[in-house]
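**Q** sequence below, structure please.
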Amino acid sequence: MANEKKSGMGLLPRLIIGVFVPILLAFLIIGNIVFFSINFGNVQFKSIRDLSFTGFKEISAASLKEYTSSMNKLGERTIRNKAEDVAKQVEVYLRLKGTKKADFSKNPFLREIAIQKVGDTGYTALHDTNGISYFHVNPNVEGTDLHALATKLPGFWKILEAGLQTNTSGYYDWQDPDGSKRPKFMYVAHVKGTDLMIAATTYIDEFSKPAMAIAEKLGRMEKAYSSQYTQRFKVFGFVVLVDLVLLLAVIYLYSYSVVRPVRRLAEVADKISMGDLKTSVDVNAKGEVGALAESIERMQMSVRAAIERLQKKRREEKSNSSTEK
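**A** Below you'll find the model as predicted:
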């Protein structure tokens, strides 16, 4: 029976587990809350790190989108202003010179007015409301009927066709020599008092190039943040590990300081039960353990006194029996 009782978990491991395990669980819970996200089907618990990182990305994306939109609108206004400005210049020139359309091709000065640069790669062109091109950055287009582009460039023609009637604008995709497609913006402005119109067009992303640079910078910041997070996480993990080891050592020493006098008292009680009433209760402890030590010491003294009384009584009985004989 005694061996069965001794084979169970002792007080020392119970104290260590009872104190250390809750602290370890607290560290794990805090670590999960700070560093790790948990998914339970449709329920998701995001870590503080992921919340801040996601918030940073969302704010960056929203800011970049807003900035790009603002720059694109600025580009649209720039293209529109350029078309209207060139249309005004052509109007003034024709009013002063009275040049007929049949003589346009012989007029380099009018050509210089009609074809002006827009942005980095864009340009203006002069057409009439019948869809005939008179001045274009590509000389092969001059004199052609732009209706022929309805099938080849439907997006471009849709805007230009609307522009045959009134001032209009819109986006269309343009395929570069490398096969990639990029959006262009075009504004058509009519030349007042004539059947002519100025079409101004260029790649809209020319105006949002700063946004691309900002996006690259945000990407570098995101990578730097991720790298710093990884380094900080390693440092945090090392510090937590050291703290847990030190904490385990402190808990062990503290628990041992509590268990040691209890073990000593158990040994004393065992010796007393075996009849050793002279063993000393040399336990210096306070509180409940000290009170237990005092109780065992009083019990030892009581048992010793009781035995001494019993022995004395037996001696007296034996003496009286000898006297009577």
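
**Q** in the protein, which spans are helices?
**A** 2-6, 11-35, 48-97, 108-114, 149-152, 154-163, 209-273, 287-324 (DSSP state H).

**Q** most packed of those helices?
**A** helix 154-163 (a mean of 18; mean count of other CB atoms under 10 Å). Where you see a C-beta, it was placed from the backbone N, CA and C, and this is true even at glycine.

**Q** now that one: average pLDDT?
**A** On average, the pLDDT along helix 154-163 is 94.

**Q** stretch 14-30 now?
**A** Average pLDDT, stretch 14-30: 77.

**Q** can you check stretch 265-281 too?
**A** Here the average pLDDT along stretch 265-281 is 77.

**Q** can you give me the end-to-end distance of that stretch?
**A** 7 Å (CA to CA, to the nearest Å).

**Q** so which of the helices of the chain comes closest to residue 141?
**A** helix 149-152 (9.3 Å; CB to CB).

**Q** got the domain ranges for the chain?
**A** In terms of domains, the chain is parsed into 11-46+213-308, 76-207 (source: automatic domain parsing).

**Q** which one of the ones you listed lies nearest to residue 320?
**A** Nearest of these (CB to CB): domain 11-46+213-308, 18.6 Å.

**Q** hmm, back to that, I'd like the helices of the chain laid out as TSV, including distance to residue 173.
**A** Below are those laid out as TSV (distance: least, CB to CB, whole Å):
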stretch	distance to residue 173
helix 2-6	86
helix 11-35	45
helix 48-97	15
helix 108-114	25
helix 149-152	12
helix 154-163	6
helix 209-273	19
helix 287-324	85
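
**Q** out of these, which gets nearest to residue 200?
**A** So among the helices of the chain, helix 48-97 is nearest, using CB to CB, at 3.6 Å.

**Q** distance from the chain centre to that closest one, please.
**A** Distance, stretch centre to chain centre, for helix 48-97: 30 Å (CA atoms, centre = their mean, to the nearest Å).

**Q** tell me what angle it forms with helix 154-163.
**A** Relative orientation of helix 48-97 and helix 154-163, computed by axes from the mean of the first three to the mean of the last three CA atoms, to 10 degrees: 50 degrees.

**Q** pLDDT averaged over helix 48-97 - what is it?
**A** 86.

**Q** can you give the strand pairings for the longest strand seen in the chain, parallel or anti for each?
**A** Longest strand of the chain, by residue count under DSSP state E: strand 181-190. Looking at strand 181-190 with DSSP bridges, its partner strands are strand 168-175 (antiparallel), strand 196-203 (antiparallel).

**Q** okay, these, which one's buried deepest?
**A** By mean count of other CB under 10 Å, these have strand 196-203 as the most buried, with a mean of 25.

**Q** could you list every residue that touches the nearest residue to residue 252 once chain neighbours are set aside?
**A** In this structure, residue 252 finds its nearest non-sequential neighbour in residue 16, 6.0 Å apart by CB to CB, 6 or more residues apart in numbering. If a contact means CB atoms under 8 Å, 6 or more residues apart in numbering, then residue 16 has 248, 251-252, 255 as its contacts.

**Q** same check, this time on residue 120
**A** Residue 120 touches 202-203, 206, counting by CB under 8 Å, 6+ apart.

**Q** quick revisit: mind putting the contacts of residue 16 into TSV with pLDDT?
**A** Formatted as TSV, the contacts of residue 16 follow (pLDDT from 0 to 100):
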residue	pLDDT
248	83
251	80
252	82
255	78
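
**Q** closest one of these to residue 28?
**A** In terms of CB to CB, no member of the contacts of residue 16 lies closer to residue 28 than residue 248, at 14.8 Å.

**Q** please tell me how far that closest one sits from residue 232.
**A** 24 Å (CB to CB, to the nearest Å).

**Q** next one: residue 119
**A** Applying CB to CB to residue 119 and residue 232 gives a distance of 45 Å.

**Q** need the contact partners of stretch 67-77.
**A** Applying CB under 8 Å, 6+ apart, the external contacts of stretch 67-77 come out as 119, 169, 185, 187, 202, 204, 206-208, 210-211, 214.

**Q** related to what we said a few turns ago, how far does the longest strand of the chain sit from the chain's center?
**A** Worked out by CA atoms, centre = their mean, strand 181-190 lies 39 Å from the chain centre.
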